[in-house]
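Q: pasting the sequence and the predicted coordinates here, then a few questions.
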Amino acid sequence: MAKSFVLYNDLIHTVKKMPKDKVAKLFLNILNYVNGEEVGNDDLMVDLVFEPIKLQLSRDLGKWDEVRKKRSEAGKKGGINSGKKRREKSEANEANEANASKLKNVELSTSHNSLIDKKSEANEANEANEATRHSNSNSNSNKETKEDIKDINKKEIRSAENKMLLEELKKAEERKPIQKEHQAEIAKQKKKELEQRLIDFDEFWHHYTPIKGSPSKGSKENVKKIYLRILDRLIEHKDIMGGLKKYLNNCKSSGLWTCGAAVFLNQEKWLDEYDFVEADVKQSAINKPQTNYEINKAKIEARREAERNNNLNKIKNVN
């Protein structure tokens, strides 16, 4: 018989509609049925509600009986198997104990024989040692003198090594101020190189003049970083400036916009080649209409030149 059973929670919808005294009779009928006692059937309402509950309980109890039978059968099989295993283990242990006792007896017998053999060998070795002691007594003195010589040689070698180490340490101490001076010179040289590079960049930045309508030169600090990285690649400043001049002249002659300075450096435009001739650029500048300032300046220079020529002629006539 099961010690517990299951009631489903959807039963509450039916129980709520029943009077309390009927609910008590219903619960009592459920307990009597589960425990195998007689169930009262004097109340029709209680009987009608209890009937589906009874059918569900009988199904659950039937399933429980099947589960219990399966578990008991599995337990029996497990007990049988475990009993077999225990018997097999006990038999194996007995066999191992018997083999171990046999091995012990064999080992004892062999060890006894080996002890006898070892004693005889030890006696023979002792006799041989006594015979050799007399012959080695004279050679021991020679060995002691050789060992003394070796110790003296080792001490001399160690002292020589110590002297060499001291000399190397002194040389290292003497080299320290020289190394410091060398490092200071290197630092000064690097500082000069950086100053020169900054001057070169300022020259590049000053001459990089975009054509009217073109984008601006860009961020000066950003362009400076790019320019210094390019100089680190051992590219000459004069090569960049020569390429910049050609690039600007090409843009002016062809009417193209100039790019930003960063683009010019990243794309290495100073290496580009152009088909124009610089004379054409100069000629275009000559043919360009002059301003009033340029016209007045030319007149003044022409007047001064005429005055100089007149003065020279007068001097020649006097002479």
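A: That came through fine. Residues are numbered from 1 along each chain as shown.

Q: which elements pack onto whatever helix or strand Glu130 lives in?
A: Take DSSP states H and E as the rule and Glu130 turns out to sit in helix 44-207. Judged by 3 or more C-beta pairs under 8 Å, 6 or more residues apart in numbering; DSSP states H and E, helix 44-207 is in contact with helix 20-34, helix 220-232, helix 237-254. C-beta: built from backbone N, CA, C; applies to glycine.

Q: now tabulate those helices in CSV and tack on distance to Glu51, mean pLDDT and mean neighbour count.
A: Compiled in CSV, the helices and strands packed on helix 44-207 are given as follows (distance: least, C-beta to C-beta, whole Å; pLDDT from 0 to 100; neighbours: other C-beta atoms under 10 Å):
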stretch, distance to Glu51, mean pLDDT, mean neighbour count
helix 20-34, 10, 85, 15
helix 220-232, 92, 93, 14
helix 237-254, 105, 90, 16
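
Q: just put these in a markdown table and tack on distance to Leu61.
A: Listed next are those as a markdown table, based on distance: least, C-beta to C-beta, whole Å:
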| stretch | distance to Leu61 |
| --- | --- |
| helix 20-34 | 8 |
| helix 220-232 | 88 |
| helix 237-254 | 100 |
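
Q: out of those helices, nearest to Arg303?
A: helix 237-254 (32.8 Å; C-beta to C-beta).

Q: I'd like the next helix or strand past that closest one.
A: Counting by DSSP H and E, the next helix or strand C-terminal to helix 237-254 is helix 261-266.

Q: quick one: mean pLDDT for stretch 202-211?
A: Mean pLDDT, stretch 202-211: 90.

Q: what's the end-to-end length of it?
A: 19 Å (C-alpha to C-alpha, to the nearest Å).

Q: the residue nearest to Leu28 when sequence neighbours are not counted and Asp47, how far apart?
A: In this structure, Leu28 finds its nearest non-sequential neighbour in Gly40, 7.6 Å apart by C-beta to C-beta, 6 or more residues apart in numbering. Taking C-beta to C-beta, to the nearest Å as the measure, Gly40 falls 9 Å from Asp47.
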